[in-house]
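**Student:** Attaching a predicted model along with its sequence, questions to come.
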Amino acid sequence: MPPGPMNQRSLEVWNEDDRSIRMGKHPSRRGMFRLESEVWLPAGPEAVFDFFANPENLEAITPPWLNFRIMTPTPIEMRAGVLIDYRIRLHGVPIKWRTEISVWEPPLRFVDEQLRGPYRFWHHEHTFVEQDGGTLVGDCVDYAVLGGAIVHRLFVRNDLEKIFTYRLQKLTEFFTSSPVEA
């Protein structure tokens, strides 16, 4: 994850042994927010990165209430410059979402950035660090929302908390219940 602490208004949303989510105002960019999450998984970085390199696995770690669907024909060869179209349903409203993989550095990290979608700005860095015989998976999402702090507080913060909590739980379940080579 990028260096630098969250500001004093950061919110520790969830923390259970080896999983955590932190959210708050962006430490240096006015009008923006940051979400950071971590989970330790009992598999090597290559195996964990390979899981994320298959975009179809994103459906498995996204809450069903979002009705998440990849619209880009599969299989998708992941690399820098790849565009991926999704469809979600947020609070009953269908939303089209397009991201670009702007950085692709297996098995260390990749970045997806929203080109079109529900946010004014979305930059999501995924990191994979070998640690204690497994992998520390990190997410750092810098984002901005239409409607600013009020909309963030009323809707977005809670939605992202639920989405990333679900994601961390599903990743933990997958990597602890499936035989994955380290």
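**Tutor:** Great, that's in hand.

**Student:** Please make it C-alpha for all contacts and neighbour counts, starting now.
**Tutor:** Will do.

**Student:** Distance check, T72 against H124.
**Tutor:** Remark: distance between T72 and H124 (Cα to Cα, to the nearest Å) = 19 Å.

**Student:** So between these two, which is more surrounded?
**Tutor:** The neighbour count for T72 versus H124, taken as other Cα atoms under 10 Å, is higher for H124 (21 against 14).

**Student:** Name whatever forms a beta bridge with that one.
**Tutor:** With beta bridges defined as DSSP bridges, H124 has these partners: D112, V141.

**Student:** Any regions of this protein where pLDDT drops low?
**Tutor:** 1-19, 178-182 (pLDDT under 70).

**Student:** So which residue is smack in the middle of it?
**Tutor:** D139 (5.5 Å; Cα atoms, centre = their mean).

**Student:** quick one: contacts of the host helix or strand of that one?
**Tutor:** Applying DSSP states H and E as the criterion places D139 in strand 134-144. For strand 134-144, the surrounding residues in contact (Cα atoms under 8 Å, 6 or more residues apart in numbering) are 1-2, 26, 31-45, 48, 119-130, 182.

**Student:** CA atoms only: put it into PDB for me.
**Tutor:** The C-alpha atoms that make up strand 134-144 are tabulated as PDB, following Å, rounded to 0.1, in the frame of the first residue of the first chain:
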ATOM      1  CA  GLY A 134       1.800 -16.700   2.800                       C
ATOM      2  CA  THR A 135       0.800 -13.500   1.100                       C
ATOM      3  CA  LEU A 136      -0.400 -10.200   2.500                       C
ATOM      4  CA  VAL A 137      -2.900  -8.900   0.000                       C
ATOM      5  CA  GLY A 138      -3.400  -5.100   0.100                       C
ATOM      6  CA  ASP A 139      -6.000  -2.800  -1.500                       C
ATOM      7  CA  CYS A 140      -5.600   0.900  -1.600                       C
ATOM      8  CA  VAL A 141      -8.500   2.700  -3.200                       C
ATOM      9  CA  ASP A 142      -8.400   6.500  -3.800                       C
ATOM     10  CA  TYR A 143     -11.800   7.700  -4.800                       C
ATOM     11  CA  ALA A 144     -14.100  10.700  -5.100                       C
END
